[in-house]
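J.: next comes the sequence, and after it the predicted model I'd like to discuss.
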Amino acid sequence: MTFTPLDPLESKTTRVSDAALGALKREIKNILSSYVGWYDPFCELIQNALDAVEARAVQELSAGNSENYKPKIDIIIDLDDNSLTVSDNGIGLDKEKFEQFLAPNFSFKNGATRGHKGVGATYVAYGFNYMRVSTRVPGFQASGRIIGARRWLNTDGLVANPKVEPDDSAQLDSAFDSTDRGVSISVRFDETTHPKRLDWIQADTAEKWGKILSIKTGLGSIVEDDSVEISIQVKAKAKLTEIKTRGTRYLWLHKSAAKTGRIRDLEAAAEAIFKKHGIGRRLPDKYRNLDFVYDSWSADELANLLAGSLDAEEIEILKRYKPTVSVEFGFSAKLWTSFNEGLKLRPAYKVLTAGIQMAANNMPQGEVMLIPLQRNIGRQHQIHFLIHFENYSPDLGRKGFHRELSDFAKSVSKTIADDHLAKLRTYLKANTGVSPDLVRELKIGEWKREMLDHEKAKPLSLTSEHFFKPSERVSITSAPTREQDVIALFNQLVAGGVIRGISVMSTNERFTYDGLFKIAFDLPVELYVYSAVDNPLGVPASVATALQGQVTEPRILEYKFSLDGLVEDIDSISKNINDVYLCVVWETGQMYSEKYGITSLLMPENADQRQYHGVTHILTDIETGARNCELIVLSELIESLNDQDSTADRQREKYE
């Protein structure tokens, strides 16, 4: 069925003046500015399809035809065409709704649906330069497209707004032609859209996309629904892959783990054994050496679980929004790392991480937040919370949850982690940390050889005697505020001779670590020898003499603003403490104290432990005292050079 080209904006006003059009344009821009997530197009199209099939299921039930209705959603991700199509056999759009649904803030939905603020369809229509919508209902069917809407929105001046024009070309989803009723929507991506390229994350199969969408969109429903048949097709480099699944459910890692235990079952078993055998009796094997412990609590159960720890505002949130809290606690952070690596997406890209995932309207929304633990910090990377609020929708688009709900989620997660999950650690497998990894070691060796070859092929040298005149000051005038400031200051101190004998090599961004360096004793030996007055960053004379003229093989160098950053990388298994030889930071932070000790070399009595010039501290294992890596803490180095005696006293107080 054809139709006269229609203007979606006429649904807002019967007479579109220049002033009114400008106001509508600003209104649409405000809507689009609220959509900042990479997966927002997927979220909007999938949530609309889910709402549509649920609405039809209600209708069919009322008509006594529910047994004959099979809800179905088809998702086509065409990486070659850079397009996304989502089709459903839901309630469809009749003629009136077809003409109105793209208007800003115009919605046919109610508070029971996933998105009911009326902005999603406008985002889909005007956020892209190609959008096609097809509908089929009894007595009406139509297919139209809107071209160049995003460009129009970004064009200054009085330019006619794009219209929805009839489109009789073949459907991007050919299966929609055989659907009795429903809607199919397609969008294409380009340099003006977000995202620009669907192949950016390098997910190229339907299986990978199935997992991703079960984490990021309404396919990951909080309340499982087995009634909907889901088809996902992915076209990549002319190859088509497809998966068909039944039901929508959030992707939990514990569901596919070998050995898990529900928290309330563990607690009940422990109580039963205590009553029968008293203290000291171990739980049966099925409750020990688990990969995960997990559970979920309703609002009423949370009130009992957290009795005494909730303040008045949190109690009010429990009553008003009926939050449910689900959690899985894994024996190691590498469970999440392994999942992300198994998807084989772009390097370092993470789809699922530990932390707090907020949810509303029966779907995950927004980015994962860090659990604000103050002790046992490493468990931030071993626990994943999913917190769902009823009777609530985030602000326009997916900008975020109100502050009181975010604070509630952080507070509740911290309390559950500290007061309840901490007691269950003994039921999990022992986390032995990162075991020796031959593959990792071989890659590091290859990286070092590559950088040595680069150094040999393209050496950098400046040897004129007319340069390197000492200015006796650094050019940086204020304390660092971020990592790049730390890098700049460190290199100035090396070039200025404050730190001597460190040669920084070129590196590349595709490797895990920040860089490589060599330790060189190729200057006159007296420049390296420790002197409390003239050279307080030096090494013992015996070391300088024994190593005179020597240059080491490349070693791994890390830069961080705070040592907390390195601790987080190690806890998340993204880096291995055994690989890092030197870490340069501005400050130590606090997190290291959970697992590590620090020996200060800025105290004269410890100066003989310095192995090469400039090192200020040694990071050690808190239990064995073994050396983990060397540190240069720039704030404390500068403080010491300015006032050695007072700094030494403060170092003793801080580290001893």
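T.: That came through fine.
J.: could you look up the SS state of residue 55?
T.: Put simply, residue 55 is helix when judged by DSSP: H, G, I helix; E, B strand; the rest coil.
J.: how close does residue 49 get to residue 84?
T.: 12 Å (C-beta to C-beta, to the nearest Å). C-beta here means a position set from N, CA and C on the backbone, and glycine is covered the same way.
J.: do residue 214 as well
T.: Taken as C-beta to C-beta, the span from residue 214 to residue 84 is 16 Å.
J.: got any ranges where the stretch 1-150 of the chain has weak pLDDT?
T.: 1-2, 6-21, 102-120 (pLDDT under 70).
J.: what ranges does it have for its helices?
T.: Taking DSSP state H, counting those that start in this stretch as the test, the helices found in the stretch 1-150 of the chain are 18-33, 40-62, 95-100, 120-126, 149-153.
J.: could you dump those to a markdown table with mean neighbour count and distance to residue 493?
T.: Below are the helices of the stretch 1-150 of the chain laid out as a markdown table (neighbours: other C-beta atoms under 10 Å; distance: least, C-beta to C-beta, whole Å):
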| stretch | mean neighbour count | distance to residue 493 |
| --- | --- | --- |
| helix 18-33 | 15 | 43 |
| helix 40-62 | 21 | 45 |
| helix 95-100 | 17 | 66 |
| helix 120-126 | 24 | 50 |
| helix 149-153 | 19 | 49 |
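J.: now render those helices as TSV, adding distance to residue 77.
T.: Output for the helices of the stretch 1-150 of the chain, formatted as TSV (distance: least, C-beta to C-beta, whole Å):
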stretch	distance to residue 77
helix 18-33	22
helix 40-62	9
helix 95-100	25
helix 120-126	16
helix 149-153	20
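J.: to residue 201, which of the ones you listed lies closest?
T.: Of all the helices of the stretch 1-150 of the chain, helix 40-62 sits nearest to residue 201, with 11.6 Å by C-beta to C-beta.
J.: which helices and strands sit right next to that closest one?
T.: Identification of packing neighbours for helix 40-62 by 3 or more C-beta pairs under 8 Å, 6 or more residues apart in numbering; DSSP states H and E yields strand 72-78, strand 83-88, helix 120-126, strand 182-188, helix 206-216, strand 225-236.
J.: distance to residue 246 for those - can I get that in a markdown table?
T.: Shown next, in a markdown table, are the helices and strands packed on helix 40-62 (distance: least, C-beta to C-beta, whole Å):
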| stretch | distance to residue 246 |
| --- | --- |
| strand 72-78 | 10 |
| strand 83-88 | 15 |
| helix 120-126 | 25 |
| strand 182-188 | 18 |
| helix 206-216 | 12 |
| strand 225-236 | 6 |
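J.: what stretches of the stretch 501-650 of the chain score poorly on pLDDT?
T.: For the stretch 501-650 of the chain, the ranges with pLDDT under 70 are 508-510, 572-573, 623.
J.: repeat that for 50
T.: For the stretch 501-650 of the chain, no stretch has pLDDT under 50.
J.: how about the strands in it?
T.: 502-504, 515-519, 555-562, 580-587, 596-600, 617-621, 627-633 (DSSP state E, counting those that start in this stretch).
J.: please apply the same query to the stretch 351-500 of the chain.
T.: Per DSSP E, counting those that start in this stretch, the stretch 351-500 of the chain carries strands over the ranges 355-360, 363-364, 383-389.
J.: residue 454: which of those strands is closest?
T.: Each of those has some distance to residue 454 by C-beta to C-beta; the shortest is strand 355-360, at 37.8 Å.
J.: relative orientation of that closest one and strand 383-389 in degrees?
T.: 20 degrees (axes from the mean of the first three to the mean of the last three C-alpha atoms, to 10 degrees).
J.: show me what strand 355-360 is packed up against.
T.: The helices and strands touching strand 355-360, judged by 3+ C-beta pairs under 8 Å, 6+ apart, are strand 383-389, helix 403-419.
J.: on that earlier part again, out of the strands of the stretch 351-500 of the chain, nearest to residue 221?
T.: For residue 221, the closest of the strands of the stretch 351-500 of the chain is strand 363-364, at 6.1 Å, according to C-beta to C-beta.
J.: list the strands paired with that closest one, with their directions.
T.: Partners of strand 363-364 in the sheet, by DSSP bridges, are strand 355-360 (antiparallel).
J.: check the offset of the partner strand from the chain's centre.
T.: Counting by C-alpha atoms, centre = their mean, to the nearest Å, strand 355-360 is centred 12 Å from the centre of its parent chain.
J.: and it, C-alpha only, in CSV?
T.: The C-alpha coordinates for strand 355-360 follow below in CSV (Å, rounded to 0.1, in the frame of the first residue of the first chain):
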residue,chain,number,x,y,z
GLY,A,355,30.8,-4.4,39.1
ILE,A,356,27.3,-3.0,39.4
GLN,A,357,25.0,-3.2,36.4
MET,A,358,21.9,-1.1,36.8
ALA,A,359,18.6,-2.1,35.2
ALA,A,360,15.0,-0.9,34.7
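J.: just give me the neighbour total for residue 278.
T.: Residue 278: 8 surrounding residues under other C-beta atoms under 10 Å.
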